[in-house]
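K.L.:
sequence plus predicted model, see below.
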Amino acid sequence: MKRIIVACNSGLGTSLMIRLNVEALLKEWGLKAWVEHTDISSVDTFDADLIIGSNYIMESLQLISRVEIIGLDDITDRQYLKAKLLDSETFRQWLAG
């Protein structure tokens, strides 16, 4: 199953909001994925295919290169998130799938 982690500083508000938008877009595209939100210090405990969060948080991640990271400049705009997902190599493979 496809796995997406959404991260923020505390793993509460920001990551939950982004997660809800990701889940809505997945539903719109008819894709199924396991989506979880968490704090930045717990990201490496998950086996993710894609990690999403604000740019300033994502820049601090030191992860294995197999995980694609999407940094967002705007965490509230669903259309911006949609564009960023469509720019993602991992996500485009899922859509082509």
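P.N.:
Noted; the coordinates are in hand.

K.L.:
in this structure, where's the longest helix?
P.N.:
Longest helix in the chain, counting residues (DSSP state H): helix 13-29.

K.L.:
so which bits of that one are buried?
P.N.:
Residues of helix 13-29 classed as buried by neighbour count (16 or more other Cβ atoms under 10 Å): 14-15, 18-19, 21-22, 25-26. Quick note: C-beta positions are derived from backbone N, CA and C, even for glycine.

K.L.:
what mean pLDDT does that helix have?
P.N.:
On average, the pLDDT along helix 13-29 is 95.

K.L.:
same check, this time on stretch 48-64
P.N.:
Here the average pLDDT along stretch 48-64 is 84.

K.L.:
can you check stretch 85-93 too?
P.N.:
For stretch 85-93, mean pLDDT rounds to 96.

K.L.:
distance between that stretch and the chain's centre?
P.N.:
When C-alpha coordinates are averaged (Cα atoms, centre = their mean, to the nearest Å), stretch 85-93 and its chain have centres 11 Å apart.

K.L.:
which residues are contacting it?
P.N.:
Contacts to stretch 85-93, defined as Cβ atoms under 8 Å, 6 or more residues apart in numbering, come from residues 22, 25, 49-50, 68, 70.
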